[in-house]
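Peer 1: could you look at this predicted model? Sequence included:
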Amino acid sequence: MDLLCKALEESFVKYANNIALEVEGAKITYQELGFQSKILASLILNMRGGGGHLAVNSDKILIFASRSALVYTSILACVLVYQTYVPLNPKFPSQRLLSMIKRSGARIMFLGKECYDSFDEIAESLESLVIVVEELGDLEERFPKHKFIVIPKILELDCNKWRLLETHIESSLKSNSQSCVAFGGDFEQSLDCSSSSISNFPSKTAYLLFTSGSTGEPKGVMVSRDNLFAYTQRMLVKYRFSPQDRISNFFDITFDLSMHDIFCAFLSGATLCVIPKQSLFNPIKFIIQNNLSVFFAVPSLIAYLIKFKALKPNLITSLRLSLFCGEEFPTQNAKLWSEMCKNSVVENLYGPTEATIAFMSYCYGVELQEKIVPLGIPFDGLSVSLRDETGNEVTKGEKGEIWLGGDQIAQGYLNDREKTEQKFITKNGVRWYKTGDLGILKEVNGEEVYCFLGRVDFQVKIQGFRVELLEIDNVLREVSKTQSVSVVIKNDGITSIVGVIEAKSIKNDEILKICKQRLPHYMIPTQILALESFPLNSNGKIDRGQIKVWVESQFMENKKNFGVLMYELAQRLFKIPRSLSGNGNRETLRIINSILGGNLKVYEVPSHTQAFDWEIPKEWNVNEAYIITPSGEKICDFGENNLHLVGYSVPVRESLTFEELKSHLHSLKEQKNAIPYITSYYKEYWGFCLSLELREKLEREFGDSKEKFEVIIDSKLESGFMSYGEVVIKGESNKEIVLSTYICHPQMANNELSGICVATYLAKYLSEIPHFYTYRILFLPETIGAIYYLSQHLEELREKCVAGFVLTCIGDEGAYSYLESRAGNNLADRAAKHILNSRYRGYKTYSYLQRGSDERQYCAPGVDLPFCTLMRSKFGEYSQYHTSLDDLSFISPKGLQGGFVMVREILEVLEINGVYKNTILCEPQLGKRGLYPQLSTKETFGMVKDMRNLLMYCDGKLDLIEIADKCGFCLLDMKEWIRKFVENGLLVKVGKSNVIES
């Protein structure tokens, strides 16, 4: 047994009754954690045995789980039996996951049910694996190439069996035996019972982490057990973690900083508190409610909290230690965090994955004058050296590449000897890692410390000069007082620097003026762009690559890419509680208005106002809502997920048995792990929504019990107002195109944040370009919002509206979809069908019989507006619809951008469309006007054919959409030719379009 195993075993015994782990509402003691880990360790031993049908010849174990108990028990199981664990992240793209799995060579996977959807996407592309799961479901039937093993449900054992099994496993592990855990049932039958020895297949590597590689192929960093133990021992001494500590787990397990959280907690007897996914963007409430004493995150988190004004002095009192690592740490942000956490030490840690988590640190103090918190000094027993390009040490005060040396330096890169030899070297008995970071040793507040100067690979050549981008970043940050980065792009073959500032808007000229005063001519950005919210990578760091992609998209003519920005907006809006009315809708409209530069008009309609046959409902707001079980567990917390509370629930504060409560609990039989979306607008009711899994658990534990549940709904249902928003963007004509979307759905991404995001950025896009039509964009509560709006504007819309579109469920990556109007052939229908037929083959068409809520209003008899609906996956046809599974992972920047482009192209067709008449009798001579290609090729033949067809059908009767449909070309492809024909007098416009009255 090595030192790492011994330390873990000591914790399991010494702190047996202490809470080791709090995750997903569960509290697990050290005794339980040790036992559950050893169950999995025994499984690994059986699978790694030499003789049976499950024998697996690999010392690497894949862990495909996220923020569940399985994450931690499987990691510890691997450590206990000397196996290398390879963490996977469900947020990673499928191709990256497949590459990581293939390159690892692992044959065993622990799969958490929270990752089943991601596994579905890659399962058929994988070689056969042995996969350990908590619930089997239909996995065996769907993926017969893989072997599935179900973890025994140890919580269902009685005390005698539990002790017997514990004794058996302890004996098995101590003797290095491979004998099967004598448990009975399917579990026993699924395991091979041959005997072997751990010593036949020990691994010195604790974990294998894949980091980004310059070639685009992830690098596999191998960190040894000795590396990990050395690091944790330094941390235990330096920060004095104890059983009294409650330590955060902010990071995903694919980020090596998570190893700090896990092993520092479990080797000190502390409690590891896993921050749920929905609290990661703003963990302040979680810190306070869970009384954390130690918090560890990336500095970008603070910048995000600053933007939303979440930092308040003296707000958090429980923290004694705040650690930040992973990227540069602005001093101003450290100051604001320190003021919020008045009892906490604030430290900046530094260290790449290859040096095991962190290597040096600096303690922030209010006297610090540096703009960026220094890296500090190395931990005891470790060495830092600054080297020039030849590998020689630089003199004090000179910058150089940071080399790190000592017993934390990793083993190297998996199956990449060349790269390992380039980055890892041994000199005078010390193993060094060349970080690629630039640093300098200088005096700060009377102490010599290392400071970060950027990346070696952030050095670029501009006009023959070497340029360090971080130097430009620092000037931009100082001038703008916010996060800033500089990126290098090539535009038309010219290399240039573009500055990007995290802001809604900027004063470009003023910033460039100061840059000219502070920077050499070759370092001055050619342009400064504002990006409202910087994208983050899976580790929570600023994603420079994504920012560069965004910058490049700004230079593509007429191809603005708002995908990342729309997704960022969805992230901002996701947790805001929305319904037909209330403060959540107002906050949503406020954020939209901030993006649109104050041009969104927000209206408040009093409750009980009559609108045709309907009445505006009362206003509904919720302070808090939850249930406390008889065992003291808090469930169905509205603050954690808005969907937990039935919409428009009345106030309640009661003590009820499960029998009394169950009629107010709603779940889905067909989706056991999903929270349904249910609302009750026009009758007084209260209720909670929860997963079927949780409901069944409550039924088992309390179904026959007279114990009471405490039900709390602190809501207000009273006369107030219904809010909606409208932006009108003027064009040359007073004729209008109308876009409409819903703002009333709580905490669901595709239905309906996607419509909000696409409509918002279409409004922003349209406000920046010239256009013929006026655009009216509506953000309405569903159904009643459209009914009220029509009651006020019907005559105006009848006169002005030539085409209208409902935007809904438009942010996923499913097929493009179109739902026709009641007439089925108005101008909106024709433009939509033309683009979808031309550009989006395989799209889906739905009749008006399959209409949604607002389509029923705009196309109702007597209203008859020319409205159709544009979607990706149609509402009601994807399994996540109206459930908690319609979360931010279901939509994507790519999906939103695709929806945005589809709508934009349809609008462009409407802008181009018109009725034209040919001015030349017979066929015009194109060549003499320079309109005929010089060479006749297969490609030009088709182009000339389309040109001639266009001219032949421009008879002053057909509009361009009709002609394009008849001739089989895309109208957008002919836009430039139409312009040239008009300029050359071949066509004359006689009307805007043929509007077919519905």
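Peer 2: Cool, the structure landed. Numbering: from 1, shown residues only.

Peer 1: the stretch 51-200 of the chain: strands as residue ranges?
Peer 2: 60-64, 84-87, 108-111, 130-133, 147-150 (DSSP state E, counting those that start in this stretch).

Peer 1: so which of those strands is nearest residue 757?
Peer 2: strand 60-64 (29.7 Å; C-beta to C-beta). All C-beta spots, glycine's among them, are computed from the backbone N, C-alpha and C.

Peer 1: the longest helix in this structure is where?
Peer 2: Counting residues, the longest helix found in the chain (DSSP state H) is helix 893-912.

Peer 1: report the next helix or strand after that one in sequence order.
Peer 2: With elements assigned by DSSP states H and E, the helix or strand that comes after helix 893-912 is strand 915-918.

Peer 1: got the buried residues for the next helix or strand after that next one?
Peer 2: Counting by DSSP H and E, the next helix or strand C-terminal to strand 915-918 is helix 938-953. Neighbour-count burial for helix 938-953 flags 946-947, 949-951, 953 (criterion: 16 or more other C-beta atoms under 10 Å).

Peer 1: now residue 740: how far from residue 776?
Peer 2: Computed as C-beta to C-beta, to the nearest Å, the residue 740 to residue 776 distance reads 9 Å.

Peer 1: one more: residue 763?
Peer 2: From residue 763 to residue 776 the distance is 10 Å (C-beta to C-beta).

Peer 1: which one of residue 740 and residue 776 is surrounded by more residues?
Peer 2: Legend: neighbour count by other C-beta atoms under 10 Å for residue 740 and residue 776, higher for residue 740 (26 against 21).

Peer 1: touching, that one and residue 781? I think so.
Peer 2: No. Counting by C-beta atoms under 8 Å, residue 740 sits too far from residue 781 to count as a contact (11.4 Å).

Peer 1: before we move on, back to that, shared neighbours of residue 763 and residue 776, anything?
Peer 2: 727, 729, 739 (C-beta atoms under 8 Å, 6 or more residues apart in numbering).

Peer 1: after the lowest-mean-pLDDT helix or strand in the chain comes which helix or strand?
Peer 2: Scoring the helices and strands of the chain by mean pLDDT, DSSP states H and E places helix 185-189 at the bottom, with a mean of 36. Proceeding N to C from helix 185-189, the next assigned helix or strand is strand 205-211, under DSSP H and E.

Peer 1: pLDDT of that next one, averaged?
Peer 2: Summarised as a single mean, pLDDT over strand 205-211 is 93.

Peer 1: just want the angle from it to strand 60-64.
Peer 2: 50 degrees (axes from the mean of the first three to the mean of the last three C-alpha atoms, to 10 degrees).

Peer 1: name every strand pairing with whatever helix or strand comes next after strand 205-211 and say which way it goes.
Peer 2: Counting by DSSP H and E, the next helix or strand C-terminal to strand 205-211 is strand 219-224. Based on DSSP bridges, the pairing partners of strand 219-224 within the sheet are strand 205-211 (antiparallel), strand 412-413 (antiparallel).

Peer 1: what does the shortest one rub up against?
Peer 2: Think strand 412-413. With contact meaning C-beta under 8 Å, 6+ apart, strand 412-413 is reached by 219-222, 419-420, 423-424.

Peer 1: rerun at 7 Å
Peer 2: Identification of contacts with strand 412-413 by C-beta atoms under 7 Å, 6 or more residues apart in numbering yields 219-222, 419-420, 424.

Peer 1: where are the low-confidence patches of the stretch 801-950 of the chain?
Peer 2: 933-940 (pLDDT under 70).

Peer 1: on that earlier part again, between the strands of the stretch 51-200 of the chain, which one is closest to residue 352.
Peer 2: Comparing the strands of the stretch 51-200 of the chain by C-beta to C-beta, strand 84-87 comes nearest, at 17.0 Å.

Peer 1: tell me the helix or strand right after whatever helix or strand residue 605 lives in.
Peer 2: Element membership of residue 605 [criterion: DSSP H and E] is strand 601-606. Next in sequence after strand 601-606, counting helices and strands by DSSP H and E, comes strand 610-611.

Peer 1: average pLDDT for that next one?
Peer 2: In this model, strand 610-611 carries a mean pLDDT of 96.

Peer 1: can you list the residues that contact that strand?
Peer 2: The set of residues external to strand 610-611 that reach it, using C-beta under 7 Å, 6+ apart, is 787-788, 791.

Peer 1: and this structure, what are its domain boundaries?
Peer 2: 31-203, 228-454, 468-556, 570-614+721-912, 619-718, 915-991 (automatic domain parsing).

Peer 1: in a markdown table: those domains, plus distance to residue 211.
Peer 2: What follows is the domains of the chain, written out as a markdown table (distance: least, C-beta to C-beta, whole Å):
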| stretch | distance to residue 211 |
| --- | --- |
| domain 31-203 | 11 |
| domain 228-454 | 5 |
| domain 468-556 | 9 |
| domain 570-614+721-912 | 22 |
| domain 619-718 | 31 |
| domain 915-991 | 42 |
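
Peer 1: sorry, back to before: deepest of the strands paired with strand 219-224, which one?
Peer 2: Comparing these by mean neighbour count (mean count of other C-beta atoms under 10 Å), strand 205-211 comes out on top with a mean of 24.

Peer 1: CA atoms of stretch 799-817 as CSV?
Peer 2: The C-alpha trace of stretch 799-817 is given here as CSV (Å, rounded to 0.1, in the frame of the first residue of the first chain):
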residue,chain,number,x,y,z
GLU,A,799,-52.9,48.0,-43.0
LYS,A,800,-49.1,47.6,-42.7
CYS,A,801,-48.1,43.9,-42.1
VAL,A,802,-47.0,42.2,-45.3
ALA,A,803,-45.4,39.2,-43.6
GLY,A,804,-45.1,37.9,-40.0
PHE,A,805,-43.2,35.1,-38.3
VAL,A,806,-43.5,33.5,-34.9
LEU,A,807,-40.0,32.4,-33.7
THR,A,808,-40.0,29.5,-31.4
CYS,A,809,-37.8,26.4,-30.5
ILE,A,810,-35.1,27.8,-32.8
GLY,A,811,-31.8,27.2,-30.9
ASP,A,812,-31.1,23.5,-31.1
GLU,A,813,-29.3,21.6,-33.9
GLY,A,814,-32.3,19.7,-35.2
ALA,A,815,-33.8,19.9,-38.7
TYR,A,816,-35.1,23.3,-39.8
SER,A,817,-38.9,23.4,-39.6
